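Undergrad: got a sequence here, can you build the structure:
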Amino acid sequence: MDRVISFNTADRPEFIKELREKVNDYFNENNISKQANSSMVIKTIILLCLYLVPYFLIVLNVFTNPYAVFSMWMIMAFGMAGIGFSIVHDANHGAYSRSSYINKILENTISIVGGYSATWKIQHNVLHHIYTNIHEYDEDLDTNFLLRFTFQQKRLNIHRVQQYYAWFLYSLFTLSWTIKKDFSKLKLYKEKDLIKTQKLSYKQAMVRLIFSKLFYFSFILMIPLIFSSQPYWLTIIFYLSMHLVCGFLIAVIFQLAHKVTETSFPIPEENGNIDNSWAVHQLYTTANFATNNLLLSWFVGGLNFQIEHHFFPNICHVHYRKISGIVKELVREYNLPYYENSFWGAISSHANYLMRLGKYDKLD
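TA: Numbering: from 1, shown residues only. Predicted coordinates for the structure are as follows:
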């Protein structure tokens, strides 16, 4: 990551300018705020309740039957994923509210699901959104050696069957995140001098990270271990099961937007130049999926409208369905790609992409 990546500012600069003007006109003409509306506030309450109500039912021993208690942990898994998809994601982008104070409060709800806001914002807001699908810059492509997500990564024998075992590894996503990932990322971002993007020193960030982890494990594991009527070993199994379900949901949803056969993974020139402008680059590296599935769209916080999200990360996701029509129309006028899949089509496309990466060193 020594080169400075530069996008081609001469590549259809009028596209993104016109798109922003049209989207701004939509909000102005309809007198609509770009931030959260009443439906988003209701959704926020529902998702927090989906996570917190089962938790208190567990620690207060409202249910003592192991199957009933297990079902509470499973409901928490969906609440945990929903909080990450909708509340944390929007707040971290400053899209939930005009108030930075409210955004700060809501982005810190990531602490009750095991994450840390500063490292997430660097990885997602800075590295992923700017350098989408660029090897060694977009850290969403970095899986060490277990999975191969780009042709620039070395292909190992184990990758021949990665399209089969990847799904299990996805389930470990939040467990790794809560135990190891935040610490290793913070150390890495210190080396890359990226912590300053969050207006923090390394020491400040580390102290906050340690306190957030102590709070999380006390809240989500120690208190149930002490107060729940279930045997300690069963509580640990239930806790791990919650993470396996939540990790699978979150990891899979994020794969379907970029790591599919339709999208591209541009290789910078020696001097770091990318052929396309940033906006055009987003269209070639991003795909929508299941946009007509209202329930899934609600649950995943509009992450299935990934194209709109990458163009307008500062707009609350509840508006993406409406502005997608504006994006589609303008994309057609400029003869640019707009990749879309059904949900199962996206799953199949991702599996096919994993198969290609495991079978071939490169595509001719």
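
Undergrad: by residue count, tell me the biggest helix in the chain.
TA: The helix of greatest length in the chain, counted in residues with DSSP state H as the criterion, is given as helix 232-255.

Undergrad: in that helix, what counts as buried?
TA: Counting neighbours by 16 or more other C-beta atoms under 10 Å, one finds that the buried residues in helix 232-255 are 235, 238-239, 242-255. To be clear about C-beta, it is placed using only N, CA and C from the backbone, and glycine gets the same treatment.

Undergrad: please save the CA atoms from that helix in CSV.
TA: As requested, C-alpha coordinates have been extracted for helix 232-255 and formatted as CSV (Å, rounded to 0.1, in the frame of the first residue of the first chain):
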residue,chain,number,x,y,z
TYR,A,232,-22.6,-22.1,32.7
TRP,A,233,-21.6,-24.4,29.8
LEU,A,234,-25.1,-24.0,28.2
THR,A,235,-24.9,-20.2,28.5
ILE,A,236,-21.6,-20.3,26.7
ILE,A,237,-22.9,-22.5,24.0
PHE,A,238,-26.0,-20.2,23.5
TYR,A,239,-23.7,-17.2,23.4
LEU,A,240,-21.5,-18.8,20.8
SER,A,241,-24.5,-19.8,18.8
MET,A,242,-25.8,-16.3,18.8
HIS,A,243,-22.5,-15.1,17.3
LEU,A,244,-22.4,-17.9,14.7
VAL,A,245,-25.9,-16.9,13.4
CYS,A,246,-25.2,-13.1,13.5
GLY,A,247,-21.8,-13.4,12.0
PHE,A,248,-23.2,-15.5,9.1
LEU,A,249,-25.9,-12.9,8.4
ILE,A,250,-23.6,-9.9,8.5
ALA,A,251,-20.7,-11.5,6.5
VAL,A,252,-22.9,-12.9,3.8
ILE,A,253,-24.8,-9.6,3.2
PHE,A,254,-21.6,-7.7,2.8
GLN,A,255,-20.2,-10.2,0.3
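
Undergrad: run me through the strand neighbours of whichever helix or strand comes after it, direction for each.
TA: Scanning the chain past helix 232-255 towards its C-terminal end, the next helix or strand to appear is strand 273-274 (assignment: DSSP states H and E). The strands beside strand 273-274 in its sheet (DSSP bridges) come out as strand 6-7 (parallel).

Undergrad: which residue packs closest to Phe63, ignoring adjacent ones?
TA: Taking C-beta to C-beta, 6 or more residues apart in numbering as the measure, Phe63 lies nearest to Val69, with 5.4 Å between them; neighbours along the chain are not counted.

Undergrad: surely that neighbour is in contact with Ile58?
TA: Yes - using C-beta atoms under 8 Å as the test, Val69 is close enough to Ile58 to be in contact (5.9 Å).

Undergrad: now the common contact residues for these two.
TA: Between them, Val69 and Ile58 share these contacting residues under C-beta atoms under 8 Å, 6 or more residues apart in numbering: Ser228.

Undergrad: if I look at the spatially most central residue of the chain, how far off is Tyr170?
TA: Centroid check for the chain by C-alpha atoms, centre = their mean gives Phe254 as the closest residue, at 5.4 Å. Look at Phe254 and Tyr170: by C-beta to C-beta, to the nearest Å, they are 9 Å apart.

Undergrad: now do Asn273
TA: Going from Asn273 to Tyr170 by C-beta to C-beta gives 34 Å.

Undergrad: those two: which is more packed in?
TA: For Asn273 and Tyr170, the more surrounded residue by other C-beta atoms under 10 Å is Tyr170, and the numbers stand at 19 against 13.
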